[in-house]
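>>> when you get a sec, could you give me coordinates for this:
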Amino acid sequence: MKIHLLPPELTHKIAAGEVIERPASILKELLENSLDAGATVLQVELVKGGCASLRVTDNGAGMAPADVPLAFQRHATSKLTEFDDLYRLRTFGFRGEALPSIAAVARIELTSREPEALAGTMIVVENGRTEELREAGCPAGTAISVSRIFENVPVRKKFLKSEATEQGACLEAVTRLALAHPGVKIRVLNNGRPLWDLPATAEGGERIAMVLGKEVGAGLLKVTGVREELSLAGWISRPEVTRANGQGIYCFVNGRYIRDALVNHAVLTACRNLIPSRRYPVAVLFLTVPAGDVDVNVHPAKLEVRFRNPRAIYGLVVESLLAALAVVAPVTTGLPATPDAPAYQTRMEEALKRYTLFGGTKKTSYRPGASTPHRSGLLFGTPGGARHRSEGETNIYSPIAAGSGEDQPAPASSPQSETATENKALADKAAASTKLENFVPHPGAPGTDRHSPPAMPSPEAMSFARMTFLGQTGGTYLVFSHENSLVLVDQHAAHERILYEELRRGAGKGSMAVQPLLLPEVVALSPGHYGLLMEHRDLLREAGLEVEPFGGHTVAVRSLPALLGQLNPRQLLEEFLEQLTEEGAAGSWPERRERVLISLACRGAVKAGQPLTEGEVARLCRDLDRLPFAGTCPHGRPVWIVLTAKQLAGMFKRT
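Alright, predicted model coming up:
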């Protein structure tokens, strides 16, 4: 194959591909150019969330007529004069790549005027070619309109997400800029309607409350720290204010937003003993580093950096955050009680906390003095007051619903009839014997699905309810004896599969049982998340979450799926938004609904390390036996494994 030179049109598109990923990438570059020009007022106008077009208007320094066409030439810049300037950057842009890259994949119309000039300049560039260049009347500053985005690169255009998703990405770009520059007034419109109007403020904490919500703003702790030539300033939320993912952690280095695993890890290390597992703080941090000690050229969009002394950065972040969080907990939280406590003893204690064996009616713990709290069977029941959205549905199967005190399951058509006495009766009856055959549902029993084939969970047609329950190990795995085999069941995976099947059944028939909230949960969202939520409001309703606009970017959660009625409505909403943000809104409606249902089932399932009563184990077995497929959880992990007598003999060298 012979080597040949690529035509300029193709090289320009390749270069653009490194910088321009989606409309939000374009918006980021334009906003940073405005800030470099000294703008204090910005207006962003989106059409169809930025998918059709976007426009940025600023009151910055403007451009001289001779500089306007030069701005669209490759490697043209006002910020570099020699090579070493690359490592002394104090501005956002420098390569002269943004405008020509955007023009290679879209149409740009730019008007600009310096404050002292009588007239401005207008230029139109499309597909890398200048279509028009002339004098024009315009206000001081610069206005850039970008349209026909990716029309000449259809392969790239088809990878764009929905309008709401792309709008959310654009608003996230505005969010980052707004947090870093509270003194800049910002207005955002979409399809001519105002989305955001942020006045300039001298106080960064006030801007955080405007952008990230009053709940976050009300619980901020100020962060300051200095180490040699490094300094850190910013804010972190109090431990009770957390998020479902790390997207609430914003880090800026010398004013530039970055994504850095080192800094994020340092933030989580400082908060490790103060917030729940798998929850994340909200933090807005500003690192000031000597320009020569940080390389911002390791990522085409400059989202990643390389520090000359990462260890010092890590230590500064951890120390500063611990000092800020000291007002709510000692900085030594989670460390050994005394300085001379052996490290291995601490690790051993942690390990022993996770190893507890339960068998028969007696719970034997391998922790001295440990006790097992009694668990109410209501954890697995449908909360009282649940209602069905479809009036015609009268027999909705409710997994792991509390029994009626008889050998057969209680009718799921009347979940509100379950009482604490009935739950106790079932638990007491189960505790009388470790043999659980009494819990096997028979054809025609109330609550049994007459339309689904009575599928068993293994090729040998084993019934979990007919196995001998031996106990629970590690607070996670249920241990059964079946004929000559040992069966281990992952309680979280099993319950997750049960909840998923019920949620899927209800969503598919439009008959999801819902639990109305006595007082609606009001949740303030960012503009991006609000738009995303409103686009998928019907999907939420199918999943059992009724959400209504509550003014501004606030929503009210009116009801939850009855199966998940014990969960926090705010956190369920966060789980939903996390799914849409991470996975995007790609795929068909059923595929998106499936992802949401899986997430909700995982959230509502009994957790690993959670002790279960024998009555709850009995109900879990009964419901597993009813499922058409119980081999794996919705994520594909195994629900149960079998160790045969032959395998056990081999392990003990008895073959």
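>>> surely residue 618 and residue 464 touch.
No: with contact defined as C-beta atoms under 8 Å, residue 618 does not reach residue 464; the gap is 9.5 Å. The way it works is simple: take the backbone N, C-alpha and C, and place the C-beta from them, glycine included.
>>> neighbour count winner among the two?
More crowded of residue 618 and residue 464, by other C-beta atoms under 10 Å: residue 464, with 29 against 25.
>>> now do the same contact list for that one.
Listed by C-beta atoms under 8 Å, 6 or more residues apart in numbering, the contact set of residue 464 reads 436, 457, 480, 487, 489, 620-622, 624-625.
>>> among those residues, which are in strands?
For these, membership in strands holds for 480, 487, 489, with DSSP state E as the criterion.
>>> so the last one versus residue 466, what's the distance?
It stands for residue 489. As judged by C-beta to C-beta, to the nearest Å, residue 489 and residue 466 stand 14 Å apart.
>>> so between these two, which is more surrounded?
Neighbours per residue (other C-beta under 10 Å) separate residue 489 from residue 466, with residue 489 holding more: 27 against 16.
>>> residue 551: which of the ones in strands among the contacts of residue 464 is nearest?
residue 489 (47.3 Å; C-beta to C-beta).
>>> residue contacts, that closest one?
Residue 489 sits next to 464, 477-478, 480, 620, 624, 639-640 when contact means C-beta under 8 Å, 6+ apart.
>>> what sits opposite it in the beta ladder?
On the basis of DSSP bridges, residue 489 is bridged to residue 478, residue 640.
>>> returning to what we had before: for the contacts of residue 489, which one is nearest residue 197?
Looking across the contacts of residue 489 and measuring by C-beta to C-beta, the closest to residue 197 is residue 639, at 51.3 Å.
>>> gap between the closest one and residue 472?
15 Å.
>>> what's the answer for residue 562, then?
Applying C-beta to C-beta to residue 562 and residue 472 gives a distance of 27 Å.
>>> same deal with residue 213?
For residue 213, the distance to residue 472 equals 41 Å [C-beta to C-beta].
>>> equivalent analysis for residue 597, please.
27 Å.
>>> then residue 554?
43 Å.
>>> okay, these two: which has more neighbours?
Between residue 554 and residue 472, counted using other C-beta under 10 Å, residue 472 has the larger neighbour count: 24 against 14.
>>> mind pulling up the pLDDT for the more buried one?
Residue 472 carries a pLDDT score of 90 in this model.
>>> doesn't residue 611 make contact with it?
Yes: with contact defined as C-beta under 8 Å, residue 472 reaches residue 611; the gap is 6.7 Å.
>>> if we can go back for a sec, mind putting the ones in strands among the contacts of residue 464 in JSON lines, pLDDT included?
Output for the ones in strands among the contacts of residue 464, formatted as JSON lines (pLDDT from 0 to 100):
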{"residue": "480", "pLDDT": "93"}
{"residue": "487", "pLDDT": "92"}
{"residue": "489", "pLDDT": "93"}
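>>> tell me the domain boundaries of this structure?
8-198, 204-325, 353-500+608-651, 514-604 (automatic domain parsing).
>>> turn those into TSV, columns for distance to residue 508.
TSV is the format used below for the domains of the chain (distance: least, C-beta to C-beta, whole Å):
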stretch	distance to residue 508
domain 8-198	23
domain 204-325	26
domain 353-500+608-651	12
domain 514-604	9
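>>> rank those domains by mean pLDDT and give me the bottom one.
Taking the mean pLDDT of those, domain 353-500+608-651 comes last: a mean of 59.
>>> farthest pair in the contacts of residue 464?
Spatial extent of the contacts of residue 464 (C-beta to C-beta) is set by the pair 487 and 622 at 15.6 Å.
>>> now flag whichever of the ones in strands among the contacts of residue 464 is closest to residue 73.
residue 489 (66.7 Å).
>>> quick check: that closest one vs residue 311, distance?
Relative to residue 311, and taking C-beta to C-beta, residue 489 is found at 45 Å.
>>> try residue 502
Separation of residue 502 from residue 311 (C-beta to C-beta): 51 Å.
>>> check which helix or strand the residue nearest the centre of the chain maps to.
Centroid check for the chain by C-alpha atoms, centre = their mean gives residue 578 as the closest residue, at 3.0 Å. Using DSSP states H and E, residue 578 sits within helix 569-583.
>>> alpha carbons only: can I get the helix or strand that that helix is followed by in CSV?
Following helix 569-583 in sequence order, the next helix or strand is helix 589-604 (DSSP H and E). Coordinates of each C-alpha in helix 589-604 appear next as CSV, following Å, rounded to 0.1, in the frame of the first residue of the first chain:
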residue,chain,number,x,y,z
TRP,A,589,-37.9,3.3,25.0
PRO,A,590,-38.1,-0.3,26.3
GLU,A,591,-34.3,-0.5,26.5
ARG,A,592,-34.2,2.7,28.6
ARG,A,593,-37.0,1.5,30.8
GLU,A,594,-35.2,-1.8,31.3
ARG,A,595,-32.1,0.0,32.5
VAL,A,596,-34.2,2.1,35.0
LEU,A,597,-36.0,-0.9,36.3
ILE,A,598,-32.8,-2.8,36.9
SER,A,599,-31.4,0.2,38.8
LEU,A,600,-34.5,0.5,40.9
ALA,A,601,-34.5,-3.3,41.7
CYS,A,602,-30.8,-3.1,42.7
ARG,A,603,-31.5,-0.1,44.9
GLY,A,604,-34.5,-1.8,46.7
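>>> by contact count, what packs against helix 589-604?
For helix 589-604, the packing partners by 3 or more C-beta pairs under 8 Å, 6 or more residues apart in numbering; DSSP states H and E come out as helix 491-509, helix 537-542, helix 569-583.
>>> buried stuff in the second one?
Translated: helix 537-542. Across helix 537-542, burial judged by 16 or more other C-beta atoms under 10 Å covers 539-542.
>>> turn those residues into JSON lines, including distance to residue 246.
Shown next, in JSON lines, are these (distance: C-beta to C-beta, whole Å):
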{"residue": "539", "distance to residue 246": "24"}
{"residue": "540", "distance to residue 246": "23"}
{"residue": "541", "distance to residue 246": "29"}
{"residue": "542", "distance to residue 246": "29"}
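>>> between these, which sits nearest residue 133?
Nearest to residue 133, judged by C-beta to C-beta, of those is residue 539 at 48.0 Å.
>>> can you give me the distance of residue 559 to residue 650?
According to C-beta to C-beta, residue 559 stands 53 Å off from residue 650.
>>> what about these two, which has more around it?
Neighbour totals were compared for residue 559 and residue 650, and residue 559 leads with 21 against 11 (other C-beta under 10 Å).
>>> quick one: contacts for the more buried one?
514-517, 544-546.
>>> hang on, isn't residue 571 packed against residue 603?
Yes: assessed by C-beta under 8 Å, residue 571 is found in contact with residue 603 at 7.5 Å.
>>> looking at those two, which is more packed in?
In this view residue 571 and residue 603 are compared by other C-beta under 10 Å, and residue 603 has more residues nearby, 19 against 15.
>>> ok, now how distant is the residue nearest to that one when sequence neighbours are not counted from residue 280?
What sits nearest to residue 603 in space, not counting adjacent residues and going by C-beta to C-beta, 6 or more residues apart in numbering, is residue 575, at 5.4 Å. Residue 575 sits 13 Å away from residue 280, going by C-beta to C-beta.
>>> all set now, cheers.
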